[in-house]
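K.L.:
Need coordinates for the below:
(chains A and B)
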2 protein chains.
Amino acid sequence: MSAAAPARDLSRFAINQITTPSLDLRAAVEMYARARVGGIGVWMQYLEGMSGAAARHLIRDAGLFVPCLCTSAWVNLTDKAAYGAALDENRRRLDLAADIGAATLVVVPGGLATGETDIAAARCRVEDALGELLPHARATGVALGLEPLHPMYAAERSCLNTFAHCLDLVERLGAGTGIVADVYHCWWDADFAAGLRRAGPERILSFHLCDWLTPTRDVYQDRGMVGDGVIDIAFYRQVLDEIGYDGPFEVEIFSKLDWWLRDPQETTSISVERCAPFVAPRQVRL
Amino acid sequence: MSAAAPARDLSRFAINQITTPSLDLRAAVEMYARARVGGIGVWMQYLEGMSGAAARHLIRDAGLFVPCLCTSAWVNLTDKAAYGAALDENRRRLDLAADIGAATLVVVPGGLATGETDIAAARCRVEDALGELLPHARATGVALGLEPLHPMYAAERSCLNTFAHCLDLVERLGAGTGIVADVYHCWWDADFAAGLRRAGPERILSFHLCDWLTPTRDVYQDRGMVGDGVIDIAFYRQVLDEIGYDGPFEVEIFSKLDWWLRDPQETTSISVERCAPFVAPRQVRL
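P.N.:
Predicted coordinates for the structure are as follows:
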């Protein structure tokens, strides 16, 4: 090694494959590995027609880790049979996560049930469901990763909308649960940094990078590339270092208006360039 | 009065004129008065070319009250001269609010300054600005009405994004300030009802009605008519009754995809129909 800048260490860094949605799992794995990225966040739909073991070999042979499988099936259902079926589906997804070597199943539980207006009831139902899934999560060794989703998704995607709420749940549920934190969902929250500090490094399972664009042209799929928006990612990295977080960083960009339209090679290489300053191994002070 | 249902009492109910944006002030006043609505929420742009006194006479001659003038000028500016000019503009708007007989100037202070990523700094700046404006607000008798805006507006419109944050500011700033609460912005917040209870009736200056549509097709202007979305307005009315709130209710719908495209007469009459169950005078138990 010369005295020049050291080689970039991307060992903690994963790309969530939804960032390059046109690639199948094999193509995504190959592309990320070529970019020397450490890991890949996997989505359910890319595992169709493939066994969990086959996916695991594909990913591990490329030297990648899997911070998470996205996502849980929605459990916010008032029909008992449908609710029970959703729990079974989530047990299957926990098994699949274990099969592919994913550390975490990202929990996105749904918002309100059809016709429901009582969001407090929806939140109670989600807590119940997590409690029912927890024994299976513990048995598989896959953590339930509660991801606070932006309040604009409260009605339709997830009624878990703040870091503090998710952390309260994690504290009540205990081992086998943790938080998947995404700057996109939490940056506006005055209590976000305090939440990270309260969580401590053990309960943060993965930390997602992305950016908030101004203007935001689409409620669902107009997230920005790191550096193109208003989020102070360096600040959150500093907080994570302060608390001793050593886990993964993962870029995840839903962008039907921009990045999903580009060549995945371009999206991958720019993701690496933009995220590299924020994903280095922690400098431990001796 | 017969034994049939009593005549509908809309004395606490106002329509915010942005709900029918194609009408000028005179036309909106006439239409709302014909619908026996109690008040009108006024926007700055409809006062152009008219003195405050003329607007006041127009509104009061029709028998309407004015819960609020919308809105303050943005103060989230890092340039000192621009910041000072914005404070002056806000003093002018407070004067104008007093002239037209508005009880409250709705505070929408802006989000991040251009190029800024430190939302905590933006929030401090807003608190400073409110402190600077407060003597003038007290002198005019117009309250600074802090409106928590949905977190999806944090970057661009307002960095005041939760009821609790606004109430903390009101508690620190004291007399001459209060909250304008809008179900659209706050319904997702697990602490919203608790916030209303903590505020008490004196510090809630107006309560806005609207609904959250699923899906929401536009970040800015796809709010729903009361009853068309997922918000449990009856529940919030019950909380307001419990705490003894006797202030105004105001329907405010930004809807470029639906209600703004309709005949304002239709939007007005449907607003009245939909809101009537939630805006009656409080039944005082003897």
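K.L.:
what sits against the residue of the stretch 1-150 of chain A found nearest chain B?
P.N.:
The stretch 1-150 of chain A approaches chain B most closely through residue A:117 (4.0 Å), counting by CB to the nearest CB. All C-beta spots, glycine's among them, are computed from the backbone N, C-alpha and C. Counting by CB atoms under 8 Å, 6 or more residues apart in numbering or on different chains, residue A:117 makes contact with B:230, B:231, B:232, B:235.
K.L.:
Identify the residues contacting the helix or strand where the last one lies?
P.N.:
Taking DSSP states H and E as the criterion, residue B:235 maps to helix B:233-243. If you take CB under 8 Å, 6+ apart as the criterion, helix B:233-243 is touched by A:117-118, B:183, B:192-193, B:196-197, B:199-201, B:204, B:207, B:209, B:211, B:226, B:277-278, B:282-283.
K.L.:
What about those residues, which are in strands?
P.N.:
Among the contacts of helix B:233-243, DSSP state E puts B:204, B:207, B:209 in strands.
K.L.:
Which among these count as buried?
P.N.:
Using 16 or more other CB atoms under 10 Å in any protein chain shown as the burial test, the ones in strands among the contacts of helix B:233-243 include B:204, B:207, B:209 as buried.
K.L.:
Of the residues you listed, which is the nearest to chain A?
P.N.:
Taking CB to the nearest CB as the measure, residue B:209 is the one of these closest to chain A, at 14.1 Å.
K.L.:
For the closest one, give me its contacts.
P.N.:
By CB under 8 Å, 6+ apart, residue B:209 lies in contact with B:183, B:226, B:233, B:249, B:250, B:251, B:252, B:275, B:278, B:279.
K.L.:
For the third one, grab the count of nearby residues.
P.N.:
Counted by other CB atoms under 10 Å in any protein chain shown, the residues lying close to residue B:233 total 23.
K.L.:
quick revisit: ok, so of the contacts of residue A:117, who is nearest chain A?
P.N.:
residue B:232 (4.0 Å).
K.L.:
Give the burial count for the closest one, as a bare number.
P.N.:
For residue B:232, the neighbour count with other CB under 10 Å is 17.
K.L.:
where does the residue lying closest to it once chain neighbours are set aside land on pLDDT?
P.N.:
Nearest residue to residue B:232 in three dimensions, chain neighbours excluded: residue A:117, at 4.0 Å (CB to CB, 6 or more residues apart in numbering or on different chains). The predicted local confidence for residue A:117 comes out at a pLDDT of 97.
K.L.:
try residue A:21
P.N.:
pLDDT for residue A:21: 98.
K.L.:
isn't it right next to residue A:260, touching?
P.N.:
Yes. At 5.8 Å, residue A:21 counts as touching residue A:260 under the criterion of CB atoms under 8 Å.
K.L.:
Burial check on residue A:29, number of neighbours?
P.N.:
Using other CB under 10 Å, residue A:29 is surrounded by 24 other residues.
K.L.:
Please apply the same query to residue A:127.
P.N.:
Using other CB under 10 Å, residue A:127 has 16 neighbouring residues.
K.L.:
Equivalent analysis for the one 3 residues further on, please.
P.N.:
Neighbourhood size, residue A:130 [other CB under 10 Å]: 24.
K.L.:
Shouldn't it be within a strand?
P.N.:
No. Checked against DSSP: H, G, I helix; E, B strand; the rest coil, residue A:130 lies outside a strand; its state is helix.
K.L.:
any low-confidence regions in chain A?
P.N.:
Within chain A, the segments meeting pLDDT under 70 span A:1-7, A:284-286.
K.L.:
Nearest residue to the middle of it?
P.N.:
Against the mean C-alpha coordinate of chain A, by CA atoms, centre = their mean, the closest residue is residue A:180 at 5.3 Å.
K.L.:
what's across from it in the sheet?
P.N.:
Counting by DSSP bridges, residue A:180 forms beta bridges with residue A:206.
K.L.:
how far away is it from residue A:18?
P.N.:
Look at residue A:180 and residue A:18: by CB to CB, to the nearest Å, they are 14 Å apart.
K.L.:
swap in residue A:281?
P.N.:
In this view, residue A:281 and residue A:18 are 25 Å apart by CB to CB.
K.L.:
picking that back up, isn't the residue nearest to the centre of chain A up against residue A:144?
P.N.:
No. Using CB under 8 Å, residue A:180 makes no contact with residue A:144, being 9.7 Å away.
K.L.:
anything in contact with each of the two?
P.N.:
A:104, A:107.
K.L.:
Now do the buried residues in stretch A:161-175.
P.N.:
Neighbour-count burial for stretch A:161-175 flags A:161, A:162, A:163, A:164, A:165, A:166, A:167, A:169, A:170, A:173 (criterion: 16+ other CB under 10 Å).
K.L.:
ok, now stretch A:219-228?
P.N.:
Counting neighbours by 16+ other CB under 10 Å, stretch A:219-228 gives A:219, A:222, A:223, A:224, A:225, A:226, A:228 as buried.
K.L.:
okay if I get these as CSV plus distance to residue B:96 and secondary structure?
P.N.:
CSV is the format used below for the buried residues of stretch A:219-228 (distance: CB to CB, whole Å; DSSP: H, G, I helix; E, B strand; the rest coil):
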residue, distance to residue B:96, secondary structure
A:219, 34, coil
A:222, 36, strand
A:223, 40, coil
A:224, 38, strand
A:225, 43, coil
A:226, 43, coil
A:228, 39, coil
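K.L.:
Of the residues you listed, just say which sits nearest to chain B.
P.N.:
Taking CB to the nearest CB as the measure, chain B lies nearest residue A:219 of those, at 5.3 Å.
K.L.:
Would you check that that closest one makes contact with residue A:152?
P.N.:
Yes. The pair formed by residue A:219 and residue A:152 meets the contact definition of CB under 8 Å, at 5.9 Å.
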